[in-house]
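1. sharing a model that was predicted from the sequence below.
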Amino acid sequence: MTHRITVRVNGVLETAQVDPRRSLLAFLRDDLDLTGAKEGCNEGECGACVVLVDGKPINSCLMLAVEADGREITTIEGLARDGVLHPLQRAFLRHHALQCGFCTPGMILTAAGLLAENPDPTEDEVRRALSGNLCRCTGYRQILDAVREAAAELRGAAGKEFVR
Amino acid sequence: MSGRAARWVGTDVPRVDGLEKVTGAARYTADLKFPRMLHAAVVRSPHPHALVRDVRLEAAARVPGVRAVAAGRDFPFHVGIYLKDQTVFATDRVRYVGDPVAAVAAETPEAAREAAARVEVEYEPLRPVFDVAEGLAPDAPLVHPELGRYECVPWITPRAGTNVCNHLKVRKGDYEAALRRCAHAIEHRFSVPQVQHVPLEPHVSVARMDGAGKLEVWTSAQSPFTVRHLLCACFRMPHGDVRVVVPHVGGGFGGKAGINLEPIAAALAMKARGRWVRVMVDRSEEFYAVVVRQGLEARLVTGVDRDGKVLAQKLQYLWNCGGYGGYGVNVVRAAGYTCGGAYEFPNVWGDSIGVYTNRPVGSAYRGFGMQEIHWALEQQMTMVALELGLDPVEFRLRNCLGPGKSTVTGQVLDEHAGRVDRCIRKVAEELGWGDGRREPYRGRGLACAVKAPAMPNDAASSVVLKFCEDGMLEVLISGIDYGQGLRTVAAQFAAEALDLPFDQVRVRGLPDTDLSPYDWQTVASRQTWATGNAVLRAAESCKQQLLAMAARAFDAPAARLRLADGRVLDPETGRSLPLARLAMGYQFDDGHAIGGPVAAAAGFVPEGLIFLDPETSQSPKPVAKWTFGCQGVELRVDPETGRFTVERIVGCYDVGKVVHPALIRGQTYGGMVQGLGTGVMEELLLDRATGRIRNASLTDYKIPTAEDVPSRLEAHFVETPQADGPLGARGIGEHTMIPTPAAIADALYDACGVRITSLPITAEKVLAALRAKAEDEPAP
């Protein structure tokens, strides 16, 4: 038996029949081909699958697709607006805050969730917010710098269009 | 480039793969959709050591949706990069918990898992060996009774009839005689557990054999050509009938070097002709079933004269290789010929011995044995210094390698070899070494690092450069950029050599063995150096083609012309042409054309490398290059709990040339934090009763998070040009995690007087040592 769900994904209304056991991650990756969210552990420990659900960062491997019915989802593919990169994406590029890139989508979306709640986080607050997103390559240093610089940009005029 | 200041090399150009990675556009193997792809499940041994009496596949084959079932009897072929000691599936014996015995491919993952559960395997359990001491015991059960019959490269020496899969001996000078002349002989032992790479992307391979018999494999791997070569050797296929493609790779750290899941995917693809089959391990299998880092037991004896000069050094490294040593035997070898680390020891007795056990399979891991041996040797140097009342920094400077000094293999270093003394001095200065500052339960320590590329002497790289119609340059490489920045660095070298605007270069770095130039492997911190050299050579050839055509176009001597910012310029007349006018050949105003599309291929192989002597390992040049460095640590300890906080890590490496400052800082910070992980938290825990790994999940096996990162990470560099390096550059990728654990241990000793000699350095060990120390010392 499948369930009919309606979800707004990156601004587009998607209607689908899904198996009740299907994770949101599998739905996004396999049904919608939004593969920016990665499967790193399937147990909510690595954060590579994080997407924004109603603006909050969620491990999509631990959420069922049916639970997303009626919600608004943003994946990494939908973060840029009209071809303009989000200040976090730009800051990650400027600071070389990525290497293999596998954790990057989840890292950026978790940071986006943080900055929506707390526009001016301390470094410790950024560390705490990102502690569920594992990165094996960068040592996190350049990521922490990128997030705080993006926060400053979002607080300024240039970031207004991205504040929801 | 002669005479002109570097324009791109040495600057923070944008990462060429950045945009696709921050937008989710970058596709990794598991992101790709293959039509009607089958899903695989692997049947793995639940026993650490057992004979396989029977494998029955009939019930599995009857599960609805199953399309292929494969087991060892169908594929009795051996595979392994240096020692061919493994079959695609275990045939008559399983050697670790997780050893593949069979696999199934089905229409859904659920059907595959159900079918795998119905494969019936009859085992006859045998006594396992888990530790090197057990493995070396005279009555030890043999993990590989067939060891003497395996094929291997000539520079690996397995001992048939034992569990020794490789033994490298270093004999330099006269150790025994020198030791007798020493005022002091100091012995210590150290140990390192097995750990796992934990790339964020688990291993995954997808394969299909088409109706014409061509095998195609898309895989998360570090070395597409080596995967192809080893698949061909395994399945007795010509290289032209196998195609390997590597999309973006989500971290490897050595775990995706050589060959891993690809033979299983290929075997299933051969059974389900025409269908794509995906083999993907879950996070738990990633921990125990693919590859891990070897464990180490080290025993060091140091003989020192009255002036604080080491005269005699004995080093015994016993490696816990796990169930197979196909790749790990070369870790054993590298640790042997590097056994003396960054020091000059005139008399050396070194043994590096690989021992099969019934643990997970040891393989390459960032540092390739060097972090493990430096854990032992660097602490030993500090302990010897302190026991003799010498300053550990001064003691290191007195004994370290440098130009004119000789390594354990008798290689005399020249002025291009890099300067560890400068790295030590820089780190000591940054730490404020010798400033007399002492605060209770705060400590400082430092440790050195050295590593050479561990690879066959003829390991090669090649590239293709070709121009597009609009004058844009495409660079084809087959080194894998899994984040270290190779594609960006290749673009820098190409733009530099041809004086192109940086955005006029595109690096095609997702290699396809059908289309891309040959590259041995992306390992050994060799790519910036090897691919960089090949890019410079190919660029020179393109440059000559462009200048020759322009000379005819301008009717001017080619020697007078030069490339300038995407144009060919005649400085005397001021005439110039954009490369777009020359890229496909040049056409004169009357219509006649000359030349043709500009393109070049070039390769690189290190020259002058000489095999080690089989009995003594002496060689004037056993490896292509050495990269030296040093790291310092500052930390504080809570004496009530044993918990300690690493507050600062400062590193200095002699990289020859900083090609990209931000990328090299990223490599350094990343290595430091990975080193912190193996230093203070990581260990695969084995249940001796069952042979299973007890912490095979990210819940139970912790790696550093953003909260664990020291508040200060600092990277410094020395630039002693490498003679055969592109613009002087040498490798750095692995070196950044080598000295971290030893530096932490030294800082801990400095802080509270306890010495931890077994990794990881946990709060529990520190607290126990603090209590033991308090009991030993009378109350004040």
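-> Arrived safely, thanks for sending. Numbering: from 1, shown residues only, chains lettered A, B, ... in the order given.

2. stretch B:722-730 - what's its average pLDDT?
-> Per-residue confidence for stretch B:722-730 averages out to 97 on the pLDDT scale.

3. I misspoke; the intended subject was stretch B:695-714.
-> Mean pLDDT, taken over the full extent of stretch B:695-714, equals 98.

4. and if you look at stretch B:463-470?
-> Summarised as a single mean, pLDDT over stretch B:463-470 is 98.

5. which parts of it are buried?
-> The neighbour-count criterion (16 or more other Cβ atoms under 10 Å in any protein chain shown) identifies B:V463, B:V464, B:L465, B:K466, B:F467 as the buried residues of stretch B:463-470. Glycine gets a C-beta too; all of them are placed from N, C-alpha and C.

6. in space, what's closest to B:F467 - neighbours in sequence excluded?
-> If you skip the residues right next to it in sequence, B:F467 has B:A583 as its closest partner in space, 3.8 Å away by Cβ to Cβ, 6 or more residues apart in numbering or on different chains.

7. so what's the one you found up against?
-> For B:A583, the contacting residues are B:F467, B:C468, B:E469, B:D470, B:G471, B:P597, B:V598, by Cβ atoms under 8 Å, 6 or more residues apart in numbering or on different chains.

8. go through the buried residues of stretch B:463-470 and name the one nearest chain A.
-> B:V463 (21.8 Å; Cβ to the nearest Cβ).

9. contacts for the strand or helix carrying that closest one?
-> Here B:V463, judged by DSSP states H and E, is contained in strand B:461-467. Counting by Cβ under 8 Å, 6+ apart, strand B:461-467 makes contact with B:473-479, B:490, B:494, B:516-520, B:526-527, B:530-531, B:533-535, B:538-539, B:541-542, B:579, B:583-584, B:597-605, all of which sit outside it.

10. tell me the pLDDT of the closest residue to chain A within the stretch 201-350 of chain B.
-> Using Cβ to the nearest Cβ, the point where the stretch 201-350 of chain B gets nearest to chain A is B:G250, with a distance of 3.1 Å. Here the pLDDT value assigned to B:G250 is 98.

11. state the distance from it to B:G135.
-> In this structure, B:G250 and B:G135 are separated by 34 Å, where distance is defined by Cβ to Cβ, to the nearest Å.

12. got it, and A:A116?
-> The separation that A:A116 has from B:G135, given Cβ to Cβ, amounts to 56 Å.

13. how much space between the residue nearest to B:F467 and chain A?
-> Counting by Cβ to the nearest Cβ, to the nearest Å, the gap from B:A583 to chain A is 29 Å.

14. can you give me the neighbour number for B:R712?
-> B:R712 is surrounded by 12 other residues when neighbours are defined as other Cβ atoms under 10 Å in any protein chain shown.

15. nearest spatial neighbour of it, skipping sequence neighbours?
-> The shortest distance from B:R712 to any non-neighbouring residue, by Cβ to Cβ, 6+ apart, is to B:R648 (4.0 Å).

16. got the domain ranges for the chain?
-> All of this refers to chain A. A:3-78, A:87-158 (automatic domain parsing).

17. ah, I was thinking of chain B
-> Here the domain parsing of chain B from automatic domain parsing is B:18-26+B:459-604, B:32-126+B:203-280, B:292-407+B:414-455+B:610-776.

18. off-centre distance for the first one?
-> Spelled out, it's domain B:18-26+B:459-604. A distance of 28 Å separates the centroid of the chain from that of domain B:18-26+B:459-604, by Cα atoms, centre = their mean, to the nearest Å.

19. what do you get for the second one?
-> In terms of Cα atoms, centre = their mean, the centre of domain B:32-126+B:203-280 is set 24 Å apart from its chain centre.

20. ok so, going back, now, the contacts of B:A583 that are in helices?
-> Judged by DSSP state H, helices contain none of the contacts of B:A583.

21. okay, now the unreliable bits of the chain?
-> All of this refers to chain A. In the predicted model of chain A, residues A:157-164 satisfy pLDDT under 70.

22. nope, chain B please
-> Along chain B, segments meeting pLDDT under 70 span B:1-4, B:779-780.

23. for it, give the strand that spans the most residues.
-> In chain B, with assignment by DSSP state E, the single longest strand is strand B:310-322.

24. what sits against the closest residue to B:C182 other than its chain neighbours?
-> Sequence neighbours aside, B:G303 is the residue nearest to B:C182 in space, at 3.4 Å (criterion: Cβ to Cβ, 6+ apart). By Cβ under 8 Å, 6+ apart, the contact list for B:G303 reads B:A178, B:L179, B:R181, B:C182, B:H184, B:A185, B:V310, B:L311, B:A312, B:Q313, B:N347.

25. checking B:G303 next. Helix, strand or coil?
-> With DSSP: H, G, I helix; E, B strand; the rest coil as the basis, B:G303 sits in strand.

26. quick revisit: next, count neighbours for the residue of the stretch 201-350 of chain B closest to chain A.
-> Here the count is done by other Cβ under 10 Å, and B:G250 has 30 residues near it.

27. with B:C152 instead?
-> 20.

28. burial measure for the residue nearest to it when sequence neighbours are not counted, as a count.
-> Spatial nearest neighbour of B:C152, excluding adjacent residues (Cβ to Cβ, 6+ apart): B:L83 at 4.2 Å. Look at B:L83: counted by other Cβ under 10 Å, it has 25 neighbours.
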